[in-house]
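Enquirer: following is a predicted model, sequence given first.
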Amino acid sequence: MLPLLEVSGLTVGIKKDDKFLIAVNDITFTVNKGEIVGLAGESGCGKTLTALSIPNLLPQAAKILNGEIIYDGRKLTSLDNKEIYKIRGKEITMIFQEVRQSLNPLIKTGVQITEILELNGNKDKDENKLKAYEILKLLGFDNPEKIYNAYPHQLSGGMCQRVMAAIAVINRPRLLLADEPSSSLDIESQERILSILTQMNCEHGMSVLIISHDLSIIRQFCSRFLVMYAGKIVEEGLSMNFFSPLHPYTKALINAIPDKSKRGTKLENSPGKVPSIEDSFCGCPFAPRCKKVKSICLETFPEATVNGSSRVYCHFPETGEIIE
Ligand SMILES: Nc1ncnc2c1ncn2[C@@H]1O[C@H](COP(=O)(O)OP(=O)(O)O)[C@@H](O)[C@H]1O
Ligand SMILES: [Mg+2]
């Protein structure tokens, strides 16, 4: 498969006083054409900043310090704002984790949906309205006209996220970045959003990078997975092998099921928490929580052990036994 997105050596810093604290630390991954890739990891591991780096939507305090992001042969990290603006909203779109902050509270949802069609050259207002109704219907709204004429505050969080999903897919983007599209939602919104993502993936070959706390989503919807811990990718592989993990952190995440989908779930067998970006460390960031820790783990970050499509960054990887 051909890569659509190639991220290499991406490092993102958060400005604090007059220096940068590292929140995403030298990560490399690809998303191929037509592929759905899952990104997992506890809160605070750098997943959102990774996704926001791609369309150049990082918060003001954050900055790409190193690395390259190449999308369809174009180096996004060298484009100016005007050039990236042409790609964003058309070819690369995003469903944001903070959905209420992403919709404009003063503008009716319908206008926010059709605006994106207009931005892409569709000027026929009636046609755009019908397209908006159609996508809202696909997202499970039986009365799309009512949603079209509503303000975001008149809708529940789940409904707002479905509207966000409508905005993200209506132009049939080539790459969708979906940041926790199913967290803290009602079941219907969750199912509708995942269903439209898979539909767009099957019918139009849309590639998806889906960030999720819910590990069953990784297994069910993704072909490959990435696991992040403290700004580092610690394991990647085929989703069908996700439940036979090689990294002790991936294993701990899986063992935290059934509470896995809750934010901030404690990893029972690995007490402690994700280090803050203020904590400096050398070696493997998971070492302080790892049951198998040895002195080398505290000294150097491990090189990747590569086996087929799986890659694990651990001095003492697991054997890949299946966890039921
Ligand atoms: N705007 C910001 N200002 C300061 N710190 C931030 C900001 N955004 C993210 N961070 C910090 O960067 C780290 C990674 O954040 P994030 O990418 O949101 O993690 P995740 O999405 O995996 O929960 C966290 O420690 C978080 O506190
Ligand atoms: Mg996040």
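Expert: Alright, I've got the coordinates. Residues are numbered from 1 along each chain as shown. Ligands and ions are numbered 1, 2, ... in the order given.

Enquirer: how about whichever residue of the stretch 201-324 of the chain sits closest to ligand 1, nearest residue that isn't a chain neighbour?
Expert: The nearest approach of the stretch 201-324 of the chain to ligand 1 comes at residue 277, 4.5 Å away (C-beta to the nearest ligand atom). In short, each C-beta sits where N, CA and C put it, glycine included. What sits nearest to residue 277 in space, not counting adjacent residues and going by C-beta to C-beta, 6 or more residues apart in numbering, is residue 21, at 4.2 Å.

Enquirer: do residue 298 as well
Expert: residue 283 (4.5 Å).

Enquirer: what secondary structure does the one you found sit in?
Expert: Put simply, residue 283 is coil when judged by DSSP: H, G, I helix; E, B strand; the rest coil.

Enquirer: after whichever strand or helix holds residue 159, which helix or strand is next?
Expert: Secondary structure here is read from DSSP states H and E; on that basis residue 159 sits in helix 157-169. Following helix 157-169 in sequence order, the next helix or strand is strand 175-179 (DSSP H and E).

Enquirer: run through the residues of the stretch 201-324 of the chain sitting next to ligand 1.
Expert: Proximity of the stretch 201-324 of the chain to ligand 1, by C-beta under 6 Å from any ligand atom, involves residues 276-277.

Enquirer: any idea which residue of the stretch 201-324 of the chain lies closest to ligand 2?
Expert: Here the stretch 201-324 of the chain gets closest to ligand 2 at one residue, residue 211, 6.5 Å apart by C-beta to the ion.

Enquirer: and the chain, by the same measure?
Expert: Ranking the residues of the chain by distance to ligand 2 (C-beta to the ion) places residue 48 first, at 3.2 Å.

Enquirer: quick one, the one helix or strand residue 23 maps to and strand 175-179 angle?
Expert: Element membership of residue 23, judged by DSSP H and E, is strand 19-32. Put simply, strand 19-32 runs at 130 degrees to strand 175-179, going by axes from the mean of the first three to the mean of the last three C-alpha atoms, to 10 degrees.

Enquirer: sorry, back to before: the residue of the stretch 201-324 of the chain closest to ligand 1 touches residue 22, doesn't it?
Expert: Yes: at 6.4 Å, residue 277 and residue 22 qualify as touching, with contact defined as C-beta atoms under 8 Å.

Enquirer: and those two? which has more neighbours close in?
Expert: Between residue 277 and residue 22, counted using other C-beta atoms under 10 Å, the more crowded position is residue 277 (21 against 18).

Enquirer: and the longest helix seen in the chain, what's buried?
Expert: Ordering each helix of the chain by length in residues (DSSP state H) puts helix 187-204 first. Of all the residues in helix 187-204, those buried under the rule 16 or more other C-beta atoms under 10 Å are 189-190, 192-194, 196-197, 200-201.

Enquirer: where in the protein is pLDDT low?
Expert: 183-184, 258-266, 268-269 (pLDDT under 70).

Enquirer: ok, and for the helix holding residue 159, which residues are buried?
Expert: 158-169.

Enquirer: got CSV for those residues, with distance to residue 2 too?
Expert: Rendered in CSV, the data for those read as follows (distance: C-beta to C-beta, whole Å):
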residue, distance to residue 2
158, 35
159, 37
160, 35
161, 31
162, 31
163, 32
164, 29
165, 26
166, 29
167, 27
168, 23
169, 22
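
Enquirer: out of these, who's near ligand 1?
Expert: Restricting those to those near ligand 1 - C-beta under 6 Å from any ligand atom - leaves none.
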